Every structure is written in structure tokens, then in C-alpha cells.
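Asker: need the 3D shape of this:
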Amino acid sequence: MNSLRERCLQAVAGLLLPVAQAQGATFRRSPTTGIPREQSPALLLFPESDSIAERANDRVVRHLVVRIDALAREQAGVAPEDLADRLLVAAHVALFADANLGGLAVGIKELDCEWDVEDADATAAAIPARYQITYRTLAADLSIQG
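Answerer: Numbering: from 1, shown residues only. Okay, the predicted model is just below:
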């Protein structure tokens, strides 16, 4: 059985895929190469860290930090910042519509957001937003909820 961490990541991916599709965007989890121009706009999911917040007896409260990047290039006169922002808004709404990830997590908390606009072959915007997913496991088994 997969760890609860992996199941939380799969649940987040399951929430984001239909968001990307509805927005005409590509969805990728942890891409190792850049997103080509023809795959823009894109919604990307990156696990960043997983830490222990609290340990009580045989239960462990954990914080999984994920980054969701909304990427867009200028399209039909619409600014890339507008396109990326719309994509991130839709992703945010989907996350908080199921903030306990179907019972896998205690909850989700928004951490921060940044903006990056580049003038490459076409103006591109990236809006990375970070979220903390709190979940509990048994100390002796990462696959069992605590």
C-alpha cells in the first residue's frame, strides 16, 4: 500500500486534473523538464517537503508542503498574468472544496504565492502558490492514518 503522503499527492492531482482540462491547460505532476510553449497554459504540482509537526505516543502529525504552478503565455491578446491567475484561482477553489482530501488529511492551509513574468519568445507568466497539507499517520507505519 502507498504511504498516506503519496495518497494525498494523488488526491491533489485528482482535484487539479479536471481544473486544468476545464481551463484548456496541461496538467503535470513533478515535471523534470520545462513545459514547451505548445503545452501552455499549464498547471504543475510539485511536492516540496514533508515534516513532522507533532508526535504523541504512536501518532504523528505531518505537514506536506506542495507547490502548484500556474503557467501561461500571452494568447489572443490576453495577458499571461490574467490566464495564469485564472488557472490558479480555479485550482485554489478545487483544493478547498475538498480540504480534507476525501478523508486522507486533516486540512489544507495556503502558505504563500509569488509572481514571475518573463519576456521569452512570447511573454510568459508563472504564479507558484504553496499549500500545507496536514495529515496524521501511525509512527510505525506511513501508510496507516493515525
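
Asker: dump the residue contacts of the residue of the chain positioned farthest from its centre.
Answerer: Distance from the C-alpha centroid of the chain peaks at residue 57, with 30.8 Å (CA atoms, centre = their mean). The neighbours of residue 57, taking CB atoms under 8 Å, 6 or more residues apart in numbering as the test, are residue 139. C-beta here means a position set from N, CA and C on the backbone, and glycine is covered the same way.

Asker: cool, and the one 3 residues further on?
Answerer: If you count contacts by CB under 8 Å, 6+ apart, residue 60 has them with 52, 54, 136-139, 146.

Asker: swap in residue 30?
Answerer: 44-47.

Asker: any idea how far it is from residue 48?
Answerer: Using CB to CB, to the nearest Å, residue 30 is found at 10 Å from residue 48.

Asker: residue 76 now?
Answerer: Residue 76 sits 33 Å away from residue 48, going by CB to CB.

Asker: quick one, which of those two is more surrounded?
Answerer: residue 48 (12 against 5; other CB atoms under 10 Å).

Asker: can you map out the strands along this protein?
Answerer: 26-29, 42-56, 59-73, 107-113, 116-119, 123-138, 141-145 (DSSP state E).

Asker: mean confidence (pLDDT) on the first one, please.
Answerer: Strand 26-29 shows an average pLDDT of 97 in the prediction.

Asker: so the residue nearest to residue 64 when sequence neighbours are not counted bridges to which residues?
Answerer: Nearest non-adjacent residue to residue 64, counting by CB to CB, 6 or more residues apart in numbering: residue 133, 4.4 Å away. Here residue 133 sits in beta bridges with residue 64, residue 108, going by DSSP bridges.
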